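Asker: predicted model follows, preceded by the sequence.
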Amino acid sequence: MRISLGFQPNPRQLEFFKARARHICYGGARGGGKSWAMRTKFILLALKYPGLRLLLLRRTLGELRQNHVLPLISSIGNIARYNSTNMEFNFPNGSMIKLGYCEAEKDINRYQGHEYDVIGMEEATHFTEEQMRFFTTCLRNIRTDFNPRMYYTCNPGGVGHAWVKRLFIDRQYMNKERAENYAFIPARVFDNYVLMSRNPDYVEALENLPEDMRRAHLYGDWDVYAGQFFPEFRRMIHVVEPFVIPGHWNVYRGIDYGLDMLACYWAAFDESGNGYIFREHCAPNVVVSDAARKIVDLSNELAICTYAPADLWGRSRDSGVAQAETFAQNGLPLTRVRNSRADSWMNLKEWIKPLGSGPKLKIFSTCRELIRCLPLLQHDEKNPCDCATQPHDITHAPDAVRYLLDGRPYLARVIQPHDEFDPPEYDDQVDAFLNYGH
Ligand SMILES: Nc1ncnc2c1ncn2[C@@H]1O[C@H](COP(=O)(O)OP(=O)(O)OP(=O)(O)O)[C@@H](O)[C@H]1O
Ligand SMILES: [Mg+2]
């Protein structure tokens, strides 16, 4: 039996249909046609591979019903039998699309022991990283004619913003994650000609959103979302390609140290008031002596000093030795900065504020951890002048940079061009003395 898809996929949807990576994400602007593409791809796969098991997830049951159960019944109700108790569509060829949701953290228990060839996470940024990791364990790897896959659709923002951005936008991989397993297709509302022709006011509604929401929902900008502490941060203006730092610029370092993570940044300051963060070193589980030596080893240039937070001067209850002392004993004397958190963040905000000539602080593209973390910081719920300390792992890099700037680094001295007509200060006076009276 032939079924009708209704309409043709747009070029981005087609890319999504053709992608073959293990993890495929179609994300970005609202209304691009992501949910339609996910549903349609599921139907195509179920029909092509007999006996395929597919799981389509949304965070809540209500969203699932509205967004998928009803549209699926209307498009394939005549070819697949819907079992409303189990929320399953059973195809004559033995394939099955199960619809699932995961409202509370414990809801994942309902999927314990389940195995699927394909799992789709709709609005993936509404899921936590733990939930995503759990579902990847439900992917089965036993068919010879099909490699199991995860599909994700999403908009920027939400509890899952950070993990989606890390895997698909920043493309930073840990442990056994491999870059070639992750494919990203950017969604744009302008690609969805069906929506644009049926509902031309939709784009206007997105255009009228406040700046940060407009950037996220209309342009699918992953560096911005509601609640963000640094909405002014933009890769296009803050990130620069590396260049050789001129020898007369002043170089400083800033560190944040904890056994969970050492973060160290090097910055150079020119004579016009600009700072350039040009090197980073972030590493977990490094003891103080090794951290100090590593930072010294990595420094090719003379740094004026290394700014660090006051808590490194707290004495250990056991040994009575402060971590700052151990740093100094291992070749890295530290300079203490004291600033309230709010003042310190405000200072950093001043540095990254976009001006007509660009922001004062720029970051080399090689400082990837800082570029990843800065846009992820969120406002503290109780104190709007402070930023949230959770998720903790994204705070180390920005903390180290704000300590560096709390130290109020000096700018480079203006080099005076040598003036040939400037009379020498001493020689002519000696001459005048010798010639005196002649
Ligand atoms: N290729 C297509 N053919 C027919 N209709 C389509 C197509 N693509 C999208 N649509 C329709 O356009 C509308 C918006 O699409 P959809 O809901 O999939 O967008 P979305 O990206 O998931 O939006 P949101 O960001 O709000 O979740 C829906 O009515 C959908 O059915
Ligand atoms: Mg959708």
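Answerer: Received the coordinates, thanks. From a predicted model like this one, the values you see are computed outputs, not experimental measurements. Ligands and ions are numbered 1, 2, ... in the order given.
Asker: need the three-state assignment for the residue lying closest to R413 once chain neighbours are set aside.
Answerer: Among residues not flanking R413 along the chain, E271 sits closest, at 6.6 Å (CB to CB, 6 or more residues apart in numbering). C-beta here means a position set from N, CA and C on the backbone, and glycine is covered the same way. Three-state call for E271 (DSSP: H, G, I helix; E, B strand; the rest coil): coil.
Asker: next: the one 5 residues further on.
Answerer: Using three-state DSSP as the criterion, the local structure at Y276 reads strand.
Asker: ditto for the one 5 residues further on
Answerer: Under three-state DSSP, H281 falls in the strand class.
Asker: verify the stated contact: it with D297.
Answerer: No - H281 lies out of contact with D297 (CB atoms under 8 Å); the separation is 9.6 Å.
Asker: and the stretch 101-250 of the chain, which residues reach ligand 1?
Answerer: N155, A187, N192, V194, L195 (CB under 6 Å from any ligand atom).
Asker: so which of those is the closest to Q329?
Answerer: Closest approach between these and Q329, by CB to CB: N155, at 50.8 Å.
Asker: can you get me a residue count around that closest one?
Answerer: 24 (other CB atoms under 10 Å).
Asker: flag the shaky bits of this structure, pLDDT-wise.
Answerer: 1-7, 105, 226, 415-424, 427-428, 437-438 (pLDDT under 70).
Asker: can you rerun that using 80?
Answerer: Within the chain, the ranges that satisfy pLDDT under 80 run 1-7, 104-106, 158-159, 212, 225-227, 381, 384, 390-391, 414-438.
Asker: contacts for the helix of greatest length in it, please.
Answerer: Criterion DSSP state H: the longest helix present in the chain is helix 34-48. With CB atoms under 8 Å, 6 or more residues apart in numbering as the test, helix 34-48 has contacts from 3, 5, 9, 12-13, 16-17, 26-27, 52, 54, 56, 67-68, 71-72, 75-76, 80, 89, 91, 93, 95-97, 118, 120, 122, 151, 153-154, 187.
Asker: coming back round to it: neighbour count: H281 and D297, which is higher?
Answerer: H281 (21 against 10).
Asker: what sits opposite the more buried one in the beta ladder?
Answerer: C264 (DSSP bridges).
Asker: contact partners for it?
Answerer: If a contact means CB under 8 Å, 6+ apart, then H281 has L262, A263, C264, K294, I295, L298 as its contacts.
Asker: now rank those by neighbours and give me the top one.
Answerer: For the contacts of H281, neighbours tallied by other CB under 10 Å; top is C264, 27 neighbours.
Asker: what's near enough to touch that residue?
Answerer: Per CB under 8 Å, 6+ apart, neighbours of C264: R253, G254, I255, E280, H281, C282, A291, I295, L298, T306, A400.
Asker: and N181, by the same measure?
Answerer: Counting by CB under 8 Å, 6+ apart, N181 has contacts A21, R22, H23.
Asker: relative to F146, how far out is the residue nearest to it when sequence neighbours are not counted?
Answerer: Among residues not flanking N181 along the chain, R22 sits closest, at 4.2 Å (CB to CB, 6+ apart). According to CB to CB, to the nearest Å, R22 stands 12 Å off from F146.
Asker: equivalent analysis for G227, please.
Answerer: 40 Å.
Asker: likewise for E280?
Answerer: 42 Å.
Asker: now F184
Answerer: Distance from F184 to F146, by CB to CB: 22 Å.
Asker: between these two, which is the more surrounded one?
Answerer: Neighbours were counted for F184 and for F146 using other CB under 10 Å; F184 has more, 20 against 15.
Asker: so the more buried one: helix, strand or coil?
Answerer: strand.
Asker: look up how far ligand 2 lies from it.
Answerer: 16 Å (CB to the ion, to the nearest Å).
Asker: then H161?
Answerer: Taking CB to the ion, one finds H161 at 16 Å from ligand 2.
Asker: quick one: secondary structure of the residue nearest to that residue when sequence neighbours are not counted?
Answerer: Closest residue to H161 apart from its sequence neighbours, by CB to CB, 6+ apart: T125 at 5.1 Å. At T125 the chain is in helix, as set by three-state DSSP.
Asker: next up, the contacts around T125.
Answerer: T125 touches G27, C154, N155, P156, G157, G158, V159, G160, H161, V164, counting by CB under 8 Å, 6+ apart.
Asker: ok, the contacts of N181 vs ligand 2, which is closest?
Answerer: H23 (18.4 Å; CB to the ion).
Asker: so the closest one sits right up against A179, yeah?
Answerer: No - shown here, H23 and A179 do not form a contact pair, counting by CB under 8 Å, at 10.7 Å.
Asker: more neighbours: these two, which one.
Answerer: Neighbours were counted for H23 and for A179 using other CB under 10 Å; H23 has more, 19 against 10.
Asker: quick check: bridge partners of the residue lying closest to G314 once chain neighbours are set aside?
Answerer: In space, G314 comes closest to A322 once its chain neighbours are excluded; the distance is 6.2 Å by CB to CB, 6+ apart. On the basis of DSSP bridges, A322 takes part in beta bridges with R315.
Asker: F91 and ligand 1: what is the separation?
Answerer: 21 Å (CB to the nearest ligand atom, to the nearest Å).
Asker: and what of F127?
Answerer: Distance from F127 to ligand 1, by CB to the nearest ligand atom: 15 Å.
Asker: so what's the residue count around that residue?
Answerer: F127: 26 neighbours (other CB under 10 Å).
Asker: these two touch, right, it and Y101?
Answerer: No - counting by CB under 8 Å, F127 stays clear of Y101, with 10.3 Å between them.
Asker: anything in contact with each of these two?
Answerer: Counting by CB under 8 Å, 6+ apart, the residues touching both F127 and Y101 are L57, R59.
Asker: now this structure against ligand 2: closest residue?
Answerer: S35 (3.3 Å).
Asker: near ligand 2, which residues of the stretch 151-300 of the chain show up?
Answerer: Residues of the stretch 151-300 of the chain lying close to ligand 2 by CB under 5 Å from the ion: none are found.
Asker: assign a three-state SS to the closest residue in space to A291 that isn't next to it in sequence, would you?
Answerer: Spatial nearest neighbour of A291, excluding adjacent residues (CB to CB, 6+ apart): L262 at 4.7 Å. Of the three states, L262 takes strand under three-state DSSP.
Asker: now do the same contact list for L262.
Answerer: Counted by CB under 8 Å, 6+ apart, L262 has contacts I255, D256, H281, C282, A283, P284, V286, A291, K294, H396.
Asker: now with 10 Å, please.
Answerer: 255-256, 281-288, 290-292, 294-295, 396, 400 (CB atoms under 10 Å, 6 or more residues apart in numbering).
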